[in-house]
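Student: let's see this in three dimensions:
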Amino acid sequence: MPQYAILIYEKELPGGVADIPPEVMEANLAVGPKIEAMGARVVHEQGLQPVAQARTIHKGGAVTDGPFLESKEVIAGFFVVEAADLDQAVAIGKLLPIMDGAVEVRPLMEV
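Tutor: A predicted model of the protein is given here:
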C-alpha cells in the first residue's frame, strides 16, 4: 500500500503542547481509530520540538538557527500513513483538527 506524509502546520504556541486546547488534544487522540476504520494505517507519528531547537544546513554548509522558511506556521508534527491512494490520504488529513494552520499530504517516494 502506498505511503503518504501528512505534515501538520500550526502557529507555534508560547507554552508549546501545554497551550493546546483540551478539545483539540482530544480530537487528535480520536483520529487513530477513524484512520483504522477507513482501512488505512498509521505507520509513524511524531510531534516536533519548538523551532528554537531547529537548525538548518544551507548549501555550502552554513548552519543557522530555526527553520528554513520564514513563516507564521511551523511544522508541528507529522504522520506517515499507508493508504489506498492520495484521495484516501487527503481524507485522513481532513480528520486532523487544525487551530490556525494547514495540513499537507505528500506521497512518499517508493524505494
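
Student: can you give me the mean pLDDT across the lengthiest helix in the chain?
Tutor: Looking across the chain with DSSP state H, the single longest helix is helix 22-37. Per-residue pLDDT values over helix 22-37 give a mean of 93.

Student: which secondary structure elements does that helix contact?
Tutor: Using 3 or more C-beta pairs under 8 Å, 6 or more residues apart in numbering; DSSP states H and E as the contact criterion, the secondary-structure elements in contact with helix 22-37 are strand 41-47. All C-beta atoms are positioned from the backbone trio N, CA, C, and that covers glycine.

Student: give me the contact list for the strand it packs on.
Tutor: Under the criterion C-beta atoms under 8 Å, 6 or more residues apart in numbering, residues 1, 3, 17, 32, 35, 76-82 lie in contact with strand 41-47.

Student: strand partners of it, parallel vs antiparallel please.
Tutor: Strands that pair with strand 41-47, judged by DSSP bridges, come out as strand 73-82 (antiparallel).

Student: hmm, back to that, can you give me how far the longest helix of the chain is from the chain middle?
Tutor: In terms of C-alpha atoms, centre = their mean, to the nearest Å, the gap separating the centre of helix 22-37 from the centre of its chain is 14 Å.
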